[in-house]
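K.L.:
below are the sequence and a predicted model for it; my questions follow.
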Amino acid sequence: MQLQAPGPWSLLLGRLTLDQIPYTNPILQVTFAVAALVGLAVVGVVLYYKKVGYLWREWLTTVDHKKIGVMYIIVGLVMLFRGFADGLLIRTQQVLANGPHAAGFLGATHGFLPPFHFDQVYSAHGTIMILFAATPILTGFQNIVVPLQIGARDMAFPYMNAVSLWLTTAAAALVMISLFVGDFSQAGWVGLIPLTELPYSPGTGVDYWMWAIQISSVGTTLNAINMIVTIVDMRAPGMTWFRMPVFSWTTLSTNIIGLTAFPVLGVALALLGADRYLGTHFFTAGMGGNLMLYTNLFWIWGHPEVYFLILPTFGVLSEVIPTFSEKPIFGYVTMVAATFAIAGISWLVWLHHFFTMGSGPDINGFFSVATMLVGIPTGVKVFNWMFTLYRGRISYTVPMLWAMFGLFLLLVGGLTGMMLALPAVNYTVHDSVFVIAHFHCMVLMVVCAGFAGVTYWFPKLFGFRLDEGWGKAFFWTFAIGTITVFTAMFALGFEGETRRLEWTFNTAWKPMLVIEELGMVLYVLSLALFAIMLIVSIRNRNKEHLGSDPWGTSRTLEWLTPTPVPFYNFAVTPQVNTRDELAWRRKHGVEHTKPDAYEEIHMPSNSGLPVILGACAGIWGFAMIWRIWWLAALGLLGIVMIVIIRSFDKNAGYHLQPREIETMERNLTIGSITSEQPDRSHHIPHAEAH
Amino acid sequence: MAQDTALTANTRLFRPGYAGHNQISARTLGFWLYMLSDALLFTALFASYAVLDTPMNAAGGPIASQIVNPVEGFWQTIAILGSVTCYSLATVAMKNGKRGGTALGIIAAIVLAVVFLGFGVNDLTTLAAHGDGMDRSGYLSAYFVLILTHAIHMGIGILWMLVMLVQIPRYGFNEMVVARMLNLRMFWQFQATVWVCVYIYVYMIGA
């Protein structure tokens, strides 16, 4: 059995030695200094305002779906920033390292990144953007919005929800640690096989990539179970299936995809792990390994994963567009059908990621047609949004602008996707940056819908709006930056630039590379504007007093709750009478009607176990990466013990009394998610009643 | 259109006292969904086995017909189905509120599961001792990992049963204990089902 990787190994620290910390690399020195300063500043602020207890009681141990959602989005935004920094490095390297006479800095022949480092940067960029930025942000929205939209008090399994969050966070932390301890994978975010095998990647980079994805995908699978059960089981009375808002529908379909696709990724990575740790021969070059087995398994997950990302963003658009067109969504039933059609087809198209691998005309033909079929339900959706806009009373607020630009990117990405679905075209532009520009249009559509969602739902949670003026400035710089970068990238694809080049040898590419870099400057500017928008909005938070429906034209149930949403969501469970319940209540003048009386609410208690479990998972991952077997055993033992301890936990929550609720409904800031809740240590255990 | 629902004097806007969902049914549905994901996991492993079950992927090492022993597999099948039966009898005792009978059924289920695992471990260690371990060829990798993944699931089931043996005398049959017992029953039957697939696909077709 091949348990040992080449290089020194000790019982205490495994493969970890001082040489593994790249303290001589100037780029990482600067990164470390910035990260350390930001970290110290956050810790300093928490200590200065004496918020350690608040942070622990109200956030780290919380089981409230809204706070968990907010933390998901914070993790996602931090990783989005990290992924963006990687993108900036890639673009800058390519423009600096253009032509045979390009100067080299910092030990690189051309540009400032040697191939070893550049390969890690693009691998990290892809892994982070897909799995640690887009996925947590969208999961965050689903967590925050779905229980409110269906009139529930929380998710079906609030404790497991926290477990999912902390697993994802632990995995994201592992990716960040790889910056400063050891290396990250150089084999691309897809894990090009057999480059990821031990003989070709003997370092810890692939292990970081593999374990980070593995841990976060367990979190995603648990979250998928949670979302599906919540939607199936916890809808308010009267919320029949076809009264459910489209965002909840897309959440349901996307989590069905997540539940069924992520185990396949888990298997692909586990078998790769067996190759690297146990010396098996699943994907090795020789000894009976099969390279295409990995590629197929990876993309059987990888393509559904794309729709796992895109479907919730369709849901966000389906909420934002009707609200700001002041019309119900056009073709609700076809919208739902199209959602599930896309989810279904997502399982039948994975081979289009490797048309050029020589599967033969029959198989390529099948997958080509299947891929083009996706265009039909997607087209239905786009036309539905168009008809929703048609003769609507449109107001171009910031969320609406993001939604419109998202539609534009969907169109560009979708049409270029149709081109790529043709194997003949695919052979021509295969592996060129044309493909990169195509899928960046799609993923940036996810980002646009993400920002639409952030601006749209922000006031609901926090009780104040994000600044409109700065928000628009942020939007326009981001949108123009996107168009600048990716128009040039499409052109470069036709000029024959292949992807993942650390040295762009053709000087004819220079003008387009410079234009791309200019777009990146706009992106950096937009980032600054985003920060200003946040600061200005927080400073002006008390300027306006918002009612339960800050936009005035919202249609769905989440806007029935007071603003900011109290931690128990609905004081009394609403009765749903129609689709677009809030719009209906507004039409009949009963949207402000309060319940006659309050009653006891049962709430789940907070628990510190999920965050400890996440820490144990992180320790397990780190120890496995560095082959510190004793620590890995401890981490695993910790996880098992926590699961068992939890099963012995009899504390089944507490009850809020009607008079408490009445006080909180009158003075909403007491119950808001950012305030400190009164001490609940005197909770009433009731588990014994059964 | 849905928008035209009329607002009348009888229209309710709130539903005080709405009980919401039932904890056991939510947990059961959640567990079914978990098993769906577990089924996908085994599906991917079976697919990998199918791909690697060729003489080329055996790389000069043994192929299926040289290593699988359907007779031994038959006794394993009897052991695991016996274990499921014992566990089911334990849940019958639970239905009758008998703690002793439930514990007895669980203990018998554990013993038979250990017998099952004993066969498997013996099989794999014998192969490895002859130099036909999982690092010998792509085919043997697929064989070992499929069997071991199932064995790990069995091990987790045994651990779960041990926890239940502590919780039943401690808490009696409260809502949570009953929910765990019912989910464990599904889990256990599911593992037996997976084994039956392994037996047919690997042992019978392979031999």
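P.N.:
Good, I have the coordinates. From a predicted model like this one, the values you see are computed outputs, not experimental measurements. Residues are numbered from 1 along each chain as shown, chains lettered A, B, ... in the order given.

K.L.:
mind telling me what element whichever residue of chain A sits closest to chain B is part of?
P.N.:
Using Cβ to the nearest Cβ, the closest approach of chain A to chain B is made by A:G288 at 3.0 Å. To be clear about C-beta, it is placed using only N, CA and C from the backbone, and glycine gets the same treatment. Using DSSP states H and E, A:G288 sits in no helix or strand.

K.L.:
please apply the same query to B:S37.
P.N.:
helix B:23-52.

K.L.:
the helix or strand that comes right after that helix and chain A in contact?
P.N.:
Scanning forward in sequence from helix B:23-52 by DSSP H and E, the next helix or strand is helix B:55-58. Yes. Helix B:55-58 comes into contact with chain A (Cβ under 8 Å from any Cβ of the partner chain), by way of B:M56, B:N57, B:A58.

K.L.:
wait, which of those is closest to chain A?
P.N.:
B:N57 (3.9 Å).

K.L.:
distance check, whatever residue of chain B ends up closest to chain A against B:L45.
P.N.:
Nearest to chain A in chain B, going by Cβ to the nearest Cβ, is B:G138, at a distance of 3.0 Å. For B:G138, the distance to B:L45 equals 14 Å [Cβ to Cβ, to the nearest Å].

K.L.:
these two: who's more crowded?
P.N.:
B:G138 (30 against 23; other Cβ atoms under 10 Å in any protein chain shown).

K.L.:
the closest residue in space to that one that isn't next to it in sequence: neighbouring residues, count only.
P.N.:
Among residues not flanking B:G138 along the chain, A:G288 sits closest, at 3.0 Å (Cβ to Cβ, 6 or more residues apart in numbering or on different chains). Using other Cβ under 10 Å, A:G288 is surrounded by 24 other residues.

K.L.:
A:F408 too?
P.N.:
For A:F408, using other Cβ under 10 Å, the count is 16.

K.L.:
which residues of chain B fall in helices?
P.N.:
Ranges of helices within chain B are B:23-52, B:55-58, B:64-67, B:70-95, B:99-129, B:138-171, B:175-198, based on DSSP state H.

K.L.:
what's the angle between the last one and helix B:138-171?
P.N.:
Looking back up the chat, that one is helix B:175-198. 160 degrees (axes from the mean of the first three to the mean of the last three Cα atoms, to 10 degrees).

K.L.:
tell me which residues of helix B:175-198 come out buried.
P.N.:
B:175-185, B:187-188, B:190-192, B:194-195, B:198 (16 or more other Cβ atoms under 10 Å in any protein chain shown).

K.L.:
and the residues you listed near chain A, which?
P.N.:
Okay, of the buried residues of helix B:175-198 touching chain A (Cβ under 8 Å from any Cβ), that's B:E175, B:M176, B:R180.

K.L.:
point out where the stretch 351-500 of chain A drops to low pLDDT.
P.N.:
Within the stretch 351-500 of chain A, not a single segment meets pLDDT under 70.

K.L.:
how long is stretch A:190-206 end to end?
P.N.:
By Cα to Cα, to the nearest Å, the extent of stretch A:190-206 from end to end equals 11 Å.

K.L.:
give me the contact list for that stretch.
P.N.:
A:2, A:5-7, A:15, A:20, A:120, A:123, A:126, A:178, A:182-187, A:209-210, A:269, A:272, A:275-276, A:283-285, A:289, A:291, A:294-295, A:298-299, A:302, A:625-626 (Cβ atoms under 8 Å, 6 or more residues apart in numbering or on different chains).

K.L.:
can you rerun that using 6 Å?
P.N.:
Applying Cβ atoms under 6 Å, 6 or more residues apart in numbering or on different chains, the contact partners of stretch A:190-206 are A:5-6, A:182-187, A:275-276, A:283-285, A:291, A:294, A:625.

K.L.:
check stretch A:421-428 too.
P.N.:
Residues outside stretch A:421-428 that contact it (Cβ under 6 Å, 6+ apart): A:F355, A:T356, A:N364, A:S368, A:T371, A:M372, A:M419, A:L420.

K.L.:
and if you look at stretch A:497-517?
P.N.:
Contacts for stretch A:497-517 (Cβ under 6 Å, 6+ apart): A:91, A:94-95, A:97-99, A:110, A:115, A:118, A:122, A:431-433, A:436, A:485, A:488, A:491-492.

K.L.:
if we can go back for a sec, which among the residues of helix B:55-58 next to chain A gets closest to A:D64?
P.N.:
Set against A:D64, the nearest of these by Cβ to Cβ is B:N57 (50.8 Å).

K.L.:
list the contacts for the closest one?
P.N.:
Applying Cβ under 6 Å, 6+ apart, the residues contacting B:N57 are A:G288, B:G138, B:Y139.

K.L.:
go again with 7 Å.
P.N.:
Contacts here follow Cβ atoms under 7 Å, 6 or more residues apart in numbering or on different chains; on that basis B:N57 touches A:G288, A:N290, B:S137, B:G138, B:Y139.

K.L.:
need those in a markdown table with pLDDT, can you?
P.N.:
Output for these, formatted as a markdown table (pLDDT from 0 to 100):
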| residue | pLDDT |
| --- | --- |
| A:G288 | 91 |
| A:N290 | 94 |
| B:S137 | 93 |
| B:G138 | 94 |
| B:Y139 | 95 |
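
K.L.:
what about the residue nearest to the spatial centre of chain A, which SS state?
P.N.:
Nearest residue to the geometric centre of chain A (Cα atoms, centre = their mean): A:T135, 2.0 Å. Secondary structure state of A:T135, per DSSP: H, G, I helix; E, B strand; the rest coil, is helix.

K.L.:
show the pLDDT at the closest residue to it other than its chain neighbours.
P.N.:
With sequence-adjacent residues excluded and distances taken as Cβ to Cβ, 6+ apart, A:T135 is closest to A:T220, at 6.5 Å. Looking at A:T220, its pLDDT is 94.

K.L.:
equivalent analysis for A:E676, please.
P.N.:
75.

K.L.:
same check, this time on B:M56
P.N.:
Value for B:M56, per-residue pLDDT: 92.

K.L.:
that one - nearest residue in space that isn't next to it in sequence?
P.N.:
Going by Cβ to Cβ, 6+ apart, B:M56 has A:G288 as its nearest residue, at 6.9 Å.

K.L.:
and the one you found, what does it touch?
P.N.:
Here A:G288 is in contact with A:H281, B:L52, B:M56, B:N57, B:A58, B:A59, B:S137, B:G138, B:Y139 (Cβ under 7 Å, 6+ apart).

K.L.:
where do the strands sit along chain A?
P.N.:
Using DSSP state E, the strands of chain A run over A:601-603, A:654-656.

K.L.:
could those go into a markdown table alongside mean neighbour count, mean pLDDT and distance to chain B?
P.N.:
Below are those laid out as a markdown table (neighbours: other Cβ atoms under 10 Å in any protein chain shown; pLDDT from 0 to 100; distance: least, Cβ to the nearest Cβ, whole Å):
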| stretch | mean neighbour count | mean pLDDT | distance to chain B |
| --- | --- | --- | --- |
| strand A:601-603 | 18 | 87 | 9 |
| strand A:654-656 | 18 | 85 | 14 |
